[in-house]
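# Return a 3D structure for these sequence lines:
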Amino acid sequence: MFDRVLILSVSIGGGHMRASQALEKAFFQLDAAREVRIVDTLDYINKLFRKLFLKAYVDVIKSAPGLYGWFYEHFDKPRQNQGLLNVFEKLNTRPVLKLLEKVQPDLVICVHALPAGIISWLSEKSRVDVPQAIVTTDFDVHAMWLCDHYEHYFVAMDETKLLLEALGVPANKVTATGIPIDPVFAESWDKAEARKVLNLDPDLATILVTGGSLGLGPMEQLMRALQQLKTPVQIVAVCGHNEPLKAGIDQIARERPGGSVKMVCIGWTDQMHMYMAAADLIAGKTGGLTASEALACGLPFLVVNPIQGQEQRNADHLLEECAAIRCNNLPVLAYKVEQLLGDRERLARMQANARRLSRPRAAFDIVRKLVEIRAGARSSSPRPAEVVPAPV
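Modelled structure (predicted):
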């Protein structure tokens with residue numbers, strides 16, 4: 001058992017925090033830690049960097065997704081941008097070091113590349129001596145995740161494990177577990193019953209549309225395109241914390257009352273597992289957490305204009321495994337959905353493929369592996385981990 005586990009996350013979108021909370025639940029349900037603390041690393045970095053980091057991400061994703069994709073690909077060059085990364089990490093180490101001195105964890109888990117790099121830099125400079133586990137939150141691994149000082153990597157797929165090995169990570173230092181998601185997504189629900197609980201029509205085919213916690217992506221355009229469906233369906237749009245988006249989609253729903261398409265629009269919800277259980281198909285952002293949650297519920301993805309970068313790569317994996325279809329032109333979106341919903345055998349195969357790819361117990365597999373690693377480390381070296389105090 002661990003005494004104190006520190007999980008360093010980042011509150012960009014909701015995925016990293018959801019992964020952190022899944023790990024926290026797994027630690028407690030397995031009785032593997034006395035204390036688990038989740039910290040938003042953005043609260044412990046240089047204020048100017050934090051402001052620029054958040055604003056740049058959201059603004060570029062909204063207004064220039066192609067530019068974001070360019071940056072993503074440009075910096076996905078292992079070890080080639082290390083000098084720039086070292087400067088960034090050095091400027092953001094002091095508050096994180098003070099946090100480590102206060103918490104005195106015997107394990108640090110990083111679910112974002114930002115804190116992973118900071119902890120690695122501190123370890124390199126002998127400022128901390130604490131094992132770091134790195135949990136990636138997309139199907140692929142970007143070069144920004146690469147560190148020199150770590151205890152173990154946990155990745156989404158066997159293919160990703162092979163990639164890290166090719167980049168120099170020892171095979172015994174990386175495990176393909178899947179992305180940690182809340183164990184509630186592993187629960188089995190009858191679709192009709194889930195729809196009743198959510199006050200949805202139990203007999204209508206259901207499409208779930210989501211833009212993540214920030215409500216990003218072309219959701220309004222997507223909803224207008226889906227209005228052209230002739231097959232009776234209900235569409236549930238989850239807008240997250242984006243109130244203007246919710247207002248816009250509510251207006252779209254009011255424009256064509258009745259008809260074959262019924263629209264339901266909600267904001268942020270803690271019942272995503274229920275909405276996924278109620279759905280036949282999910283459309284929207286292919287973030288690592290959303291995709292993993294959908295797979296656990298047997299939901300095929302309708303990929304529409306994914307954000308270039310990690311979401312594009314996640315979509316590629318889903319398409320390769322026949323757990324998704326893609327629409328590049330919104331005018332034909334309704335046609336493609338009609339074709340899929342009208343082919344029950346094809347839809348059932350895609351749902352089966354989604355379940356085959358799912359790893360709903362990933363959080364528990366990660367915790368069990370960490371306990372195993374700790375037991376092995378204790379048997380070979382009784383020296384406790386420590387944080388070296390910062391010089392006055």
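
# check contacts around the residue nearest the centre of the chain.
By CA atoms, centre = their mean, the chain has its centre lying nearest to residue 289, at 2.9 Å. By CB atoms under 8 Å, 6 or more residues apart in numbering, the contact list for residue 289 reads 14-16, 18-19, 137, 179, 181. (C-beta placed from N, C-alpha, C; glycine too.)

# Next: residue 302.
Residue 302 touches 207, 281-284, 324-327, 336-337, counting by CB under 8 Å, 6+ apart.

# can you check residue 23 too?
If you count contacts by CB under 8 Å, 6+ apart, then residue 23 has 7, 36, 109, 111, 135, 180, 363, 366-367 around it.

# could you pull out the strands for the stretch 201-350 of the chain?
For the stretch 201-350 of the chain, strands defined by DSSP state E, counting those that start in this stretch occupy the ranges 205-210, 233-238, 261-266, 281-284, 301-304, 324-327.

# Let me know which of those is tucked in deepest.
Highest mean neighbour count of the strands of the stretch 201-350 of the chain: strand 281-284, a mean of 28 (counted as mean count of other CB atoms under 10 Å).

# How far off centre is that strand?
Offset of strand 281-284 from its chain centre (CA atoms, centre = their mean, to the nearest Å): 16 Å.

# Give the pairing partners of that strand; include direction for each.
According to DSSP bridges, strand 281-284 forms sheet pairs with strand 205-210 (parallel), strand 301-304 (parallel).

# pLDDT of the longest helix seen in the chain, averaged?
Criterion DSSP state H: the longest helix present in the chain is helix 362-380. The average pLDDT within helix 362-380 is 89.

# can I see the domain layout of the chain?
The chain breaks down by automatic domain parsing into domains covering 2-181+360-387, 185-357.

# TSV for the contacts of residue 23, including neighbour count and distance to residue 50?
Compiled in TSV, the contacts of residue 23 are given as follows (neighbours: other CB atoms under 10 Å; distance: CB to CB, whole Å):
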residue	neighbour count	distance to residue 50
7	25	19
36	22	24
109	32	21
111	29	18
135	29	22
180	32	25
363	29	27
366	25	28
367	27	30
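
# Redo the residues you listed as TSV? Include distance to residue 233.
Shown next, in TSV, are the contacts of residue 23 (distance: CB to CB, whole Å):
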residue	distance to residue 233
7	39
36	42
109	41
111	35
135	36
180	32
363	33
366	37
367	40
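
# quick check, nearest of those to residue 99?
Taking CB to CB as the measure, residue 99 lies nearest residue 7 of the contacts of residue 23, at 12.0 Å.

# Bridged to the closest one, which residues?
Note on residue 7: beta-bridge partners residue 38, residue 109, judged by DSSP bridges.

# what's the pLDDT at it?
pLDDT, read off for residue 7, is 98.

# Confirm for me that it is in contact with residue 33.
No - assessed by CB atoms under 8 Å, residue 7 is found out of contact with residue 33, at 10.2 Å.

# that older thread, list just the nearest of the contacts of residue 23 to residue 72.
For those, the residue nearest residue 72 by CB to CB is residue 111; the value is 18.4 Å.

# okay but the closest one is in contact with residue 18, surely?
No - using CB under 8 Å, residue 111 is not in contact with residue 18; the gap is 9.4 Å.
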